[in-house]
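Dropping a prediction and its sequence here:
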Amino acid sequence: MERFDDLDDVLRSCWNLLYKGAVQVKDDFHTPVLATTNGQTPNARTVVLRETIPAERKLVAYSDIRSGKIEDIQQYPHACWVFWNPSKHIQIRATGKVMIHHKDELAAEKWARIAPAKRRDYATTKAPGNPKQFAENDLSPFWNNSVLNSETTDLFFEHFVVLATIIEEIDWLHLHREGHQRAKFYWVKQEWQKMWAVP
């Protein structure tokens, strides 16, 4: 099992793993946990890592503007992403400020890339998390009776939101048979401050 002895290598590896997680749907980092808070209760859920932009320190996920996580972020805009790779025994916690993009240029750009049938994820009649009587989905008959294309599904754009987190802190943990390793990275004055830490 690979062992690290250079902090620059660790940081480079972190961003490589995060980038791979975004572009490879079967990668362990493709579905991390995103944790937020409403000020009293922590809330964590699995999300899909849609994009990683290392040069901008940015991690991107999509959501529904009516989702509970949006209210959390509006009140407390910092969130923590938690990634775990069981084969490499590496955990990455990446924390930063979340920017909500709703009905703006970036949201429109991402929306245009979503296949019409996939847009049903943002088309429930009620907000995500609301109670309902039956197990079936909460979609309107539109999805069974209409021609699905970009134009006919554009009305659901109003629910679509892009969550872009600018990462300010990375906590890396490597569980290793020769001794666990941990490192922390903080973005300070336009550069990464790096340090080893006790696992």
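Cool, got the structure. Numbering: from 1, shown residues only.

beta partners for the residue nearest to D8 when sequence neighbours are not counted?
With sequence-adjacent residues excluded and distances taken as C-beta to C-beta, 6 or more residues apart in numbering, D8 is closest to K194, at 7.3 Å. The C-beta positions use only the backbone N, C-alpha and C, and glycine is treated the same way. K194 has these beta-bridge partners by DSSP bridges: F185.

ok, now how distant is K194 from T165?
Counting by C-beta to C-beta, to the nearest Å, the gap between K194 and T165 amounts to 20 Å.

do the same with N137
N137 is 29 Å from T165, by C-beta to C-beta.

Looking at these two now, which is surrounded by more residues?
Set N137 next to T165 and count neighbours by other C-beta atoms under 10 Å: T165 wins out with 23 against 12.

Pull out the C-alpha coordinates of the helix or strand containing the more buried one and format them as CSV.
If you go by DSSP states H and E, T165 is part of strand 160-174. The C-alpha trace of strand 160-174 is given here as CSV (Å, rounded to 0.1, in the frame of the first residue of the first chain):
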residue,chain,number,x,y,z
PHE,A,160,-32.8,23.4,-10.4
VAL,A,161,-29.9,24.7,-8.4
VAL,A,162,-26.1,24.3,-8.7
LEU,A,163,-24.2,24.2,-5.4
ALA,A,164,-20.5,25.2,-5.8
THR,A,165,-18.3,24.9,-2.8
ILE,A,166,-15.1,26.9,-2.7
ILE,A,167,-12.8,24.6,-0.6
GLU,A,168,-10.9,26.4,2.2
GLU,A,169,-9.8,23.4,4.3
ILE,A,170,-8.9,19.8,3.5
ASP,A,171,-8.4,17.1,6.1
TRP,A,172,-6.8,13.9,4.7
LEU,A,173,-6.7,10.6,6.5
HIS,A,174,-4.8,7.5,5.3
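
quick one: contacts of the longest helix along the chain?
For the chain, the helix that runs over the most residues, judged by DSSP state H, is helix 7-23. For helix 7-23, the external contacting residues (C-beta atoms under 8 Å, 6 or more residues apart in numbering) are 4, 27-30, 32, 49-52, 54, 59-60, 83, 85, 88, 90, 92, 94, 170, 172, 183, 185, 192, 194-196.

Which ChimeraX command selects the buried ones in the residues you listed?
Buried residues among the contacts of helix 7-23 (16 or more other C-beta atoms under 10 Å), as a ChimeraX selection:
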select :4,27,28,29,30,32,49,50,52,59,60,83,85,90,92,94,170,172,183,185
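
Mind jotting down where the strands sit in this structure?
For the chain, the strands defined by DSSP state E cover 33-37, 42-46, 51-53, 58-64, 78-85, 90-102, 160-174, 181-188, 191-197.

Perfect, that will be all.
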